[in-house]
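Engineer: when you get a sec, could you give me coordinates for this:
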Amino acid sequence: MTPEARKRLLDAAEACAAIAEFTQGKDFAAYERDRILRSAVERQFEIVGEALGRAGESDESLERLIPELPRIVALRNRIIHGYDSVDDEIVWDIVQNKQPASEIQLSKLLSDEGARE
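Structural biologist: Model (predicted):
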């Protein structure tokens with residue numbers, strides 16, 4: 001893995017950890033009511049998508065290692081360019097059902113890479 005890709009994976013992992021921290025103990029109703037929380041979570045998803053997109057550009061093997069990479073980048077694009085049509089239920093579903101697996105996958109990739117160095 002290139003040093004650039006590793007740095008971007010670290011950025012994405014930190015953003016995933018922030019999402020987990022921000023949403024810990026929350027339910028959808030709390031998420032939906034709290035504009036600051038929604039903004040914070042969306043911002044972290046923007047960082048995840050941008051970081052993984054750049055990582056994929058600097059190390060093409062990541063697209064094989066992170067099969068969801070195109071969908072993650074697409075979410076980032078939707079949040080940024082379709083800001084007026086972001087569906088809170090979809091974002092919350094990703095927080096609950098997809099983001100934890102992504103965080104684990106990033107940690108594993110970084111740990112495997114660290115073991116090779």
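
Engineer: which residues of the protein score low on pLDDT?
Structural biologist: Under the criterion of pLDDT under 70, the regions of the chain flagged as low confidence span 113-117.

Engineer: at the geometric centre of the protein, which residue sits there?
Structural biologist: residue 48 (3.5 Å; C-alpha atoms, centre = their mean).

Engineer: ok, and what's touching the helix or strand encompassing that one?
Structural biologist: With elements taken from DSSP states H and E, the one containing residue 48 is helix 35-58. Residues from elsewhere that reach helix 35-58 (C-beta atoms under 8 Å, 6 or more residues apart in numbering): 2, 4-5, 8-9, 11-12, 15-16, 18-19, 22-23, 26, 30-32, 62-63, 66, 69, 72-77, 79-80, 86, 88, 91, 94-95, 102. The C-beta positions use only the backbone N, C-alpha and C, and glycine is treated the same way.

Engineer: and the next helix or strand after that helix, what does it pack onto?
Structural biologist: On the C-terminal side of helix 35-58, the closest following helix or strand by DSSP H and E is helix 62-65. For helix 62-65, the contact count by 3 or more C-beta pairs under 8 Å, 6 or more residues apart in numbering; DSSP states H and E identifies helix 35-58, helix 69-81 as packing neighbours.

Engineer: if we use 6 Å, what do you get?
Structural biologist: Here helix 62-65 is seen to pack against helix 35-58 when contacts are counted using 3 or more C-beta pairs under 6 Å, 6 or more residues apart in numbering; DSSP states H and E.

Engineer: nothing else from me, thank you.
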